[in-house]
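J.: missing the sequence, but the structure's below:
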């Protein structure tokens, strides 16, 4: 596997043709099986998802479908929320860096659709069979630091379903579903970096993860609903329980 | 960045000299700045961390420092717990695959210490300045599928502290600490795979992440304690709250 991040994609502004910008910046021709990894920031900018920074808290509220946990700290309140895309993230993915002073960036409207459009446009333009991922950066529970993950996908097997496969001992694998697209997003971030002006990476050598169809997109990476054992923060769940217990209401865990 | 996984590391058994096995399997000479990524399974095996499968539930209990959340399902009970290493994982990281029938594998005793030993042994043997990571596979909250992460590290900047750095607009970066070691673990997993008998990968091209000192190890990637907003599962926290509320105990969120 080889990964690199071409330079030469300048500042992206609303209305820009991302496929044309990316194609123009590629320093080597793409080949069949390459995966193009695109930072969501430039998708947001091309889509004009820029709002005044004075509305940052309003923007977070507007992007929020469900509050998962909040915490007050000296600088304000951290809100971990589920956003329109089903992603659970701090500040709903609203980003105050990587945009002009006085503005904040919202996440793209529909990153899976954007990934499909980019794939179609670049495949037609360059005559190659590639996959496209759109990525963002997020913190994790129980781990320090942030990693990149995939919020939009086309033509990439996002989950590698190993259920039923066997290991070298002939035993069924306990680890059953590798989140390929998130691992590719992480690999790409290692060459893109955060502040280097290289918002796109090419990952080569994972042709087995590139599919003919666009596939189901990054939506299938989202796990919420009854399966989610952490749908509320500890403090929030406790307080809800305490109120119910004090009121003599039947438990609703 | 280039990553590949040499073949030729056979079945590892207790007492094996991992540095010798890895050095013998390398298909290309390592160079300064390379990062060697080692699956924890072979460390566990070399350390003899193998117990009878009949004791699997006992083994999980023994590895558990704190239960975070449990859930019953038709096949048994899933336990998300904090283990001795501070890692919050399903089944405390006890793995029933990748080991002989009738046995399960525990995580290595002290992966940071193992990473330091491997680094010293391989640096001396091969005459190169490399970093070493030991990785395991884990699920994530709110995301489907598993990714690899780092549980032991030596000579690698595990967190890239960007606080105070500025972006291309001169604005302070919101994303402030990249979990480099976890992103490298994910990249390495893409070339190792789960069932291919390639438990070691070389990641080349990230020399800026390799340090002279062994550094603090993977322990600094662990975030538990007061900062942890998800120290209990939602159902667990709710039930504790309900009981306290019903008993008229002051809230202890």
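T.: Perfect, I can see it now. Note that the structure is a prediction, hence the values are computed from the model and not measured. Numbering: from 1, shown residues only, chains lettered A, B, ... in the order given.
J.: tell me which helix or strand in chain A has the weakest average pLDDT.
T.: Taking mean pLDDT, DSSP states H and E as the measure, strand A:160-161 is the helix or strand of chain A with the lowest mean score, a mean of 88.
J.: by contact count, what packs against that strand?
T.: Contacts of strand A:160-161 with other secondary structure elements, assessed using 3 or more Cβ pairs under 8 Å, 6 or more residues apart in numbering or on different chains; DSSP states H and E, are made with strand A:177-178. Glycine gets a C-beta too; all of them are placed from N, C-alpha and C.
J.: where exactly do the strands run in the stretch 1-150 of chain A?
T.: Taking DSSP state E, counting those that start in this stretch as the criterion, the stretch 1-150 of chain A contains strands spanning A:2-4, A:35-39, A:50-52, A:64-73, A:76-83, A:88-90, A:103-105, A:131-140, A:143-154.
J.: dump these to JSON lines, plus mean neighbour count.
T.: Converted to JSON lines, the strands of the stretch 1-150 of chain A look like this (neighbours: other Cβ atoms under 10 Å in any protein chain shown):
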{"stretch": "strand A:2-4", "mean neighbour count": "19"}
{"stretch": "strand A:35-39", "mean neighbour count": "27"}
{"stretch": "strand A:50-52", "mean neighbour count": "15"}
{"stretch": "strand A:64-73", "mean neighbour count": "15"}
{"stretch": "strand A:76-83", "mean neighbour count": "18"}
{"stretch": "strand A:88-90", "mean neighbour count": "23"}
{"stretch": "strand A:103-105", "mean neighbour count": "22"}
{"stretch": "strand A:131-140", "mean neighbour count": "25"}
{"stretch": "strand A:143-154", "mean neighbour count": "26"}
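J.: let's have these in CSV, adding mean pLDDT and distance to chain B.
T.: Converted to CSV, these look like this (pLDDT from 0 to 100; distance: least, Cβ to the nearest Cβ, whole Å):
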stretch, mean pLDDT, distance to chain B
strand A:2-4, 98, 5
strand A:35-39, 98, 10
strand A:50-52, 91, 12
strand A:64-73, 93, 5
strand A:76-83, 92, 7
strand A:88-90, 94, 4
strand A:103-105, 92, 9
strand A:131-140, 96, 5
strand A:143-154, 97, 3
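J.: dump those strands into a markdown table; add distance to residue B:193 as well.
T.: Converted to a markdown table, those look like this (distance: least, Cβ to Cβ, whole Å):
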| stretch | distance to residue B:193 |
| --- | --- |
| strand A:2-4 | 17 |
| strand A:35-39 | 17 |
| strand A:50-52 | 41 |
| strand A:64-73 | 33 |
| strand A:76-83 | 32 |
| strand A:88-90 | 28 |
| strand A:103-105 | 36 |
| strand A:131-140 | 18 |
| strand A:143-154 | 19 |
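J.: to residue B:134, which of those strands lies closest?
T.: Closest approach to residue B:134 among the strands of the stretch 1-150 of chain A (Cβ to Cβ): strand A:143-154, 15.6 Å.
J.: distance between that closest one and the chain's centre?
T.: With Cα atoms, centre = their mean, to the nearest Å as the basis, strand A:143-154 stands 5 Å off its chain's centre.
J.: run the chain-centre distance for the least confident helix or strand of chain A.
T.: That offset, for strand A:160-161, works out to 19 Å (Cα atoms, centre = their mean).
J.: that strand pairs with which strands?
T.: strand A:177-178 (antiparallel) (DSSP bridges).
J.: ok, residue A:22 to residue A:149 distance?
T.: 20 Å (Cβ to Cβ, to the nearest Å).
J.: give the buried residues for stretch A:207-223.
T.: Of the residues in stretch A:207-223, those buried under the neighbour-count criterion (16 or more other Cβ atoms under 10 Å in any protein chain shown) are A:209, A:210, A:214, A:215, A:217, A:218, A:219, A:221, A:222, A:223.
J.: show residues contacting the least confident helix or strand of chain A.
T.: With Cβ atoms under 8 Å, 6 or more residues apart in numbering or on different chains as the test, strand A:160-161 has contacts from A:176, A:177, A:178, A:180, A:209, B:145.
J.: in chain A, mark out all the helices, start to finish.
T.: In chain order, chain A shows helices spanning A:18-25, A:40-46, A:56-63, A:111-126, A:180-192, A:234-247, with DSSP state H as the criterion.
J.: who are the packing partners of the fifth one?
T.: Read that as helix A:180-192. Secondary elements touching helix A:180-192 (3+ Cβ pairs under 8 Å, 6+ apart): strand A:2-4, strand A:35-39, strand A:131-140, strand A:143-154, strand A:200-204, strand B:143-154, helix B:180-192.
J.: go on, the shortest one?
T.: Counting by 3+ Cβ pairs under 8 Å, 6+ apart, the packing neighbours recorded for helix A:40-46 are helix A:18-25, strand A:103-105, helix A:111-126, strand A:131-140, strand A:143-154.
J.: okay if I get these as a markdown table plus distance to residue B:110?
T.: Compiled in a markdown table, the helices and strands packed on helix A:40-46 are given as follows (distance: least, Cβ to Cβ, whole Å):
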| stretch | distance to residue B:110 |
| --- | --- |
| helix A:18-25 | 45 |
| strand A:103-105 | 42 |
| helix A:111-126 | 41 |
| strand A:131-140 | 23 |
| strand A:143-154 | 19 |
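J.: return the distance of stretch A:227-237 from the chain's centre.
T.: So, by Cα atoms, centre = their mean, the centroid of stretch A:227-237 is 21 Å from its chain's centroid.
J.: nope, stretch A:182-195 is what I was after
T.: Counting by Cα atoms, centre = their mean, stretch A:182-195 is centred 11 Å from the centre of its parent chain.
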